[in-house]
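K.L.:
Here is a sequence with its predicted model. Questions after.
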Amino acid sequence: MSKRIPQNILLTAGEVIKDTYTVDCFVGAGAFAEVYRVKHKFLGLQALKVLKPDVFKREEQSNFISEATILSHITHPNVVRVFEANSFKKDGKELFFISMEYVSGETLFQMLKRKIRIVLPLALSLQRDICAGLSIAHRQEPPVIHRDIKPQNILLSYDTSTPIGKVSDFGVAKAVNPKTRMTDAAGTVTYLPPEGSWGFHTPASDVFSAGIVFYQMVTGIAPWTYDFTGVEDDIDTMETAVLKARKQKPQKPSFINDQCDSQLDEIILKAIEDDQSQRFKDGTEFLGALLDYENRKKRPIVQKTGMREPESIKEIKKGSGFSGVAGMDELKELLYSEIILPLQQKDLYDKYRISLPNGILLYGPPGCGKTFISTKLSEEINYTFIEVKPSDLASTYVHGTQQKIGRLFRRAREKVPSIIFIDEIDAMIPKRSDKLDHHYSSEVNEFLSQLGECSREGIVVIATTNRPDRIDSAALRTGRFDKLIYVPPPDYDARVALFDMFLSGRPTSSDIKTNALASATENYVASDIEMIVNEAARSALKKKGDITFKILSDTISTISPSVSREMIEYYNNFKNKRSF
């Protein structure tokens with residue numbers, strides 16, 4: 001599909017700028033500038049960013065160019081090289097431009113829009129690239145601060161087999177004052193560090209913005225949720241909404257993505273600390289923490305997923321089944337009537353021509369037991385349970401993911417009756433659009449093709465998601481995911497069982513009433529309850545006494561549930577619907 005070129009662009013194809021740059025094509029435009037691919041008469045392809053003359057005053061444009069000149073001597077593989085900052089005359093107007101390295105690829109924003117979440121090894125590699133680029137800028141004398149780190153300003157080069165991250169768009173970058181070691185604030189409000197509201201930036205401010213980017217890569221969401229309803233054009237009100245949202249501590253990345261561990265949680269959360277003195281002081285220190293982490297974990301910087309079988313596919317047959325699930329009676333009854341009974345009374349159901357569903361989608365807030373209940377279902381019916389994540393099916397090869405999907409279903413057919421369990425299915429079959437790469441749309445098509453009628457072959461596909469609105473609508477039609485089942489936060493009985501489980505083996509007083517604790521923790525998920533018990537245990541340890549009902553009650557009052565009423569309403573809107 002050809003790119004639609006807007007009317008009234010500043011330059012046209014074939015136009016020559018300063019006898020040096022020949023315009024090849026229009027690439028895109030932002031709020032402040034237009035970008036073109038040009039051919040330098042000596043250096044080949046470059047990107048030319050031309051400032052929109054009606055956006056800036058002449059003095060501001062001149063300052064913009066002066067700051068860009070700072071970067072022209074920085075040469076680093078993780079920084080988009082700036083070659084020239086200058087101006088030229090056209091139609092009586094002076095136009096300011098910056099010529100830069102041309103990167104063949106896409107932005108990190110485009111990758112996140114397509115994939116939602118990036119597999120951890122690649123996310124680590126890209127974050128390492130971002131920090132390396134910031135490190136070289138922060139090591140200049142005086143240090144250069146980017147002031148606008150966000151996914152849109154990270155370019156991904158595909159010149160090698162592994163994407164390389166390059167820090168781009170130093171348009172608002174500025175050298176710090178040599179005396180104060182600070183500069184004035186700029187940038188996008190949702191990535192702006194707290195000190196940005198006070199009008200200044202330090203290298204640790206870039207760390208904060210880069211930390212938000214890293215959080216998004218590994219979780220698929222931002223650390224905080226902002227309500228900008230009706231105030232999109234009021235920057236001051238937006239900043240107030242941001243500061244209000246950030247009073248709540250962000251969720252640990254490992255709560256959302258179980259590929260993360262406590263050490264990575266610590267690194268990411270340190271980067272986005274409200275107090276800049278508690279953050280990494282600059283890109284160099286942030287980069288060092290990532291390298292130390294990878295060395296400790298002996299993780300490869302990039303995991304190249306070829307055509308081998310994913311290691312995390314596992315098969316489970318034995319277990320306690322639904323008897324090992326406390327509470328969740330309504331959900332268990334639904335699964336029993338929709339899946340277990342048709343299997344146990346196959347002849348009767350065949351007589352009425354009632355078949356098993358091809359696919360079952362379990363959706364709901366994170367931490368509510370979607371994966372757990374799926375595993376228990378497989379134990380209950382004694383099916384082979386094949387567990388896979390979208391990252392297991394990822395491939396750097398063209399059509400590689402399609403082949404892996406086909407092989408996954410062939411493997412399930414060899415072991416029928418079987419359940420294929422896919423966690424975070426929204427990352428695997430996102431909504432298709434005209435902007436989605438062809439190969440990615442092909443992967444969605446392949447999965448939908450395999451899913452159709454698979455129940456006739458003895459295969460049931462169970463998938464989970466926290467974001468049903470991001471799944472391709474074709475997957476939610478009957479004949480694909482026939483059953484959409486909401487998995488709410490743990491109910492009363494489940495919360496009683498969770499308190500019993502987490503308190504077991506600890507020194508407790510006899511006055512503890514887990515039923516009262518359960519009544520006080522509506523919408524709390526398992527990890528919330530575990531945190532309550534752990535914090536109560538710490539308080540009791542300080543006093544060298546038992547964990548008491550009062551300590552637990554006081555702890556509950558200090559810990560908010562992970563699932564808000566807004567989230568519950570969000571999922572209720574999806575109930576009994578095939579799309580939002």
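P.N.:
Structure received.

K.L.:
pull the helix or strand with minimum mean pLDDT from this structure.
P.N.:
The helix or strand of the chain with the poorest confidence is strand 183-184; it has a mean of 43 (mean pLDDT, DSSP states H and E).

K.L.:
Check which helices and strands the longest helix along the chain is in contact with.
P.N.:
Longest helix of the chain, by residue count under DSSP state H: helix 120-138. Other helices and strands packing on helix 120-138, by 3 or more Cβ pairs under 8 Å, 6 or more residues apart in numbering; DSSP states H and E, are strand 144-145, strand 154-157, strand 164-167, helix 203-219, helix 283-297. For the C-beta atoms, the positions are set from N, CA and C on the backbone; glycine is no exception.

K.L.:
Could I get the buried residue list for the last one?
P.N.:
This means helix 283-297. The neighbour-count check on helix 283-297 (16 or more other Cβ atoms under 10 Å) flags 283-287, 289-290, 293-294 as buried.

K.L.:
now these in TSV, with distance to Asp19 and pLDDT?
P.N.:
Shown next, in TSV, are the buried residues of helix 283-297 (distance: Cβ to Cβ, whole Å; pLDDT from 0 to 100):
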residue	distance to Asp19	pLDDT
Gly283	38	93
Thr284	41	92
Glu285	45	94
Phe286	43	95
Leu287	41	92
Ala289	48	93
Leu290	45	93
Tyr293	50	90
Glu294	48	84
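
K.L.:
and of those residues, the nearest to Asp274?
P.N.:
Of all those, Phe286 has the smallest distance to Asp274: 16.6 Å, by Cβ to Cβ.

K.L.:
That closest one and Asp54: what is the separation?
P.N.:
Here the criterion is Cβ to Cβ, to the nearest Å. By it, Phe286 lies 38 Å from Asp54.

K.L.:
got any ranges where the stretch 151-300 of the chain has weak pLDDT?
P.N.:
Within the stretch 151-300 of the chain, the ranges that satisfy pLDDT under 70 run 170-187, 230-233, 297-300.

K.L.:
mind listing the strands for the stretch 351-500 of the chain?
P.N.:
For the stretch 351-500 of the chain, strands defined by DSSP state E, counting those that start in this stretch occupy the ranges 359-363, 384-388, 418-422, 459-465, 481-486.

K.L.:
Tell me the backbone dihedrals of the residue nearest the centre of the chain, please.
P.N.:
The structure's the chain has its C-alpha centroid closest to Gly220; by Cα atoms, centre = their mean the separation is 1.5 Å. Phi and psi for Gly220, reported as degrees, to the nearest 10, are phi 80, psi 0.

K.L.:
need the contact list for it.
P.N.:
Shown in contact with Gly220 (Cβ atoms under 8 Å, 6 or more residues apart in numbering): 112, 116-117, 256-257, 427, 467.

K.L.:
out of those residues, which are inside helices?
P.N.:
Counting by DSSP H, the contacts of Gly220 place 112, 256 in helices.

K.L.:
now stretch 325-332: mean pLDDT?
P.N.:
For stretch 325-332, mean pLDDT is 78.

K.L.:
buried stuff in it?
P.N.:
Within stretch 325-332, the residues scored as buried using 16+ other Cβ under 10 Å are 325-328, 331-332.

K.L.:
now stretch 335-344
P.N.:
Residues of stretch 335-344 classed as buried: 335, 339-340, 342-343 (neighbour count, 16+ other Cβ under 10 Å).

K.L.:
nearest to Ala526, of the helices and strands packed on helix 120-138?
P.N.:
Per Cβ to Cβ, nearest to Ala526 of the helices and strands packed on helix 120-138: helix 203-219, 18.2 Å.

K.L.:
Tell me how far that closest one lies from the chain's centre.
P.N.:
12 Å (Cα atoms, centre = their mean, to the nearest Å).

K.L.:
CA-only coordinates of the helix or strand following it in PDB, if you can.
P.N.:
Next along the chain after helix 203-219, taking DSSP states H and E as the criterion, comes helix 235-245. Only the C-alpha atoms of helix 235-245 are listed here, as PDB (Å, rounded to 0.1, in the frame of the first residue of the first chain):
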ATOM      1  CA  ILE A 235      -0.700  20.800  28.900                       C
ATOM      2  CA  ASP A 236      -0.900  22.100  32.500                       C
ATOM      3  CA  THR A 237      -3.900  20.000  33.300                       C
ATOM      4  CA  MET A 238      -2.200  17.000  31.700                       C
ATOM      5  CA  GLU A 239       0.900  17.500  33.800                       C
ATOM      6  CA  THR A 240      -1.300  17.600  36.900                       C
ATOM      7  CA  ALA A 241      -3.000  14.400  35.900                       C
ATOM      8  CA  VAL A 242       0.400  12.800  35.400                       C
ATOM      9  CA  LEU A 243       1.600  13.800  38.800                       C
ATOM     10  CA  LYS A 244      -1.600  12.600  40.400                       C
ATOM     11  CA  ALA A 245      -1.300   9.100  38.700                       C
END
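
K.L.:
Break this protein down into its domains, please.
P.N.:
Following automatic domain parsing, one finds the domains of the chain at 16-101, 105-297, 314-489+569-574, 492-562.

K.L.:
Let me have those domains in a markdown table, extended by distance to Leu10.
P.N.:
Compiled in a markdown table, these are given as follows (distance: least, Cβ to Cβ, whole Å):
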| stretch | distance to Leu10 |
| --- | --- |
| domain 16-101 | 5 |
| domain 105-297 | 16 |
| domain 314-489+569-574 | 24 |
| domain 492-562 | 49 |
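
K.L.:
Which one of the ones you listed has the poorest average confidence?
P.N.:
domain 314-489+569-574 (a mean of 78).

K.L.:
residues contacting the residue lying closest to Asn153 once chain neighbours are set aside?
P.N.:
Counting by Cβ to Cβ, 6 or more residues apart in numbering, Asn153 lies nearest to Asp169, which is 4.1 Å off, once chain neighbours are set aside. Residues near Asp169 by Cβ under 8 Å, 6+ apart: 80, 148, 152-153.
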